[in-house]
Each structure stands twice: as C-alpha cells, then as structure tokens.
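Engineer: Task: produce atomic coordinates for the following.
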Amino acid sequence: MPTNTKTAISTADAPAAIGPYSQAVRVGDMLFASGQIPIDPKTGNLVAGGITEQTTQVMENIKAVLAKAGIDFVHVVKTTVFLKSMNDFAAMNAIYAKYLAPEGVVPPARSTVEVARLPKDSLVEVEVVAVN
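Structural biologist: Numbering: from 1, shown residues only. Take a look at the predicted model:
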C-alpha cells in the first residue's frame, strides 16, 4: 500500500462514529484513532459509574479499534487524555497505566488536559496514535 493511502478502520466492538469521522485512519504504518468516550458499544449508552468505570470502557473501546487494525497497546506512541476534572487524574491514571504502561513496556508520550465539557457529558475521552 502506498504510504499516502488513507484507510478507515472500523469495528462494531467500539462505538460507531456519530459524525463525519472514522474510528481510526491508517496512513502507511501510522494509525490515528479518534477520541473514545465511555460508550458501551453493545448498548450505545454511557457506562454507569465514575471515572474508574468510564476510563476502563474507554480503554476497552481503544483496544477494540487497535485490534481491528491488527495491533495492540504496545504500538501506541502518543495519547491525549481529556478530563472533565483534573481531580479525576489519579484514578484515571491508575486504569490508564494497566493498559498503556504495564511493567516492561515503554509508555507512550501523553498530554492530559481538563476540558469544560465532553460528548454525552462523559468524564474522560482518550485519543491515540500508534505505529505498526
């Protein structure tokens, strides 16, 4: 595949795009995944609970998109985390570390920002960039 070819990645195991965007786009060996919020792909609803439950669902959604692209979390090189409140940082970070920084794995570069509002009033959204 030429390195400039843009290919959409889509899976039913993560929430469907609700606008004019792709769950992820592959260009060459790079994968750019759209931000995931804590939507259960089976129900289409925001998961119940707080930041721990929501971050877990976000990571499971990202895991599904990565799997559809034939890769996993070790391929992630950059993340951006959007939090409704920085007071949730420690709890989010504990779940994040289980998926993206287990022992022996180089964690990706990351930016974390507090935002005024996220889609569906979720507490967290995470986007990733990965290299295959």
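
Engineer: just the strands in the protein please.
Structural biologist: Taking DSSP state E as the criterion, the chain carries its strands at 6-9, 24-27, 30-36, 76-83, 109-114, 124-131.

Engineer: Could you save the ones you listed as a markdown table and add columns showing mean neighbour count and distance to Thr43?
Structural biologist: (C-beta placed from N, C-alpha, C; glycine too.) Shown next, in a markdown table, are the strands of the chain (neighbours: other CB atoms under 10 Å; distance: least, CB to CB, whole Å):
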| stretch | mean neighbour count | distance to Thr43 |
| --- | --- | --- |
| strand 6-9 | 14 | 22 |
| strand 24-27 | 19 | 22 |
| strand 30-36 | 20 | 15 |
| strand 76-83 | 19 | 22 |
| strand 109-114 | 12 | 28 |
| strand 124-131 | 22 | 18 |
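
Engineer: Can you say which of these is nearest to Ala17?
Structural biologist: Checking those against Ala17 by CB to CB gives strand 30-36 as the closest, at 7.0 Å.

Engineer: Quick one: work out the angle between the closest one and strand 76-83.
Structural biologist: 20 degrees (axes from the mean of the first three to the mean of the last three CA atoms, to 10 degrees).

Engineer: Show the contacting residues for Asp13.
Structural biologist: For Asp13, the contact set (CB atoms under 8 Å, 6 or more residues apart in numbering) comprises Pro41, Ala64, Ala67, Lys68.
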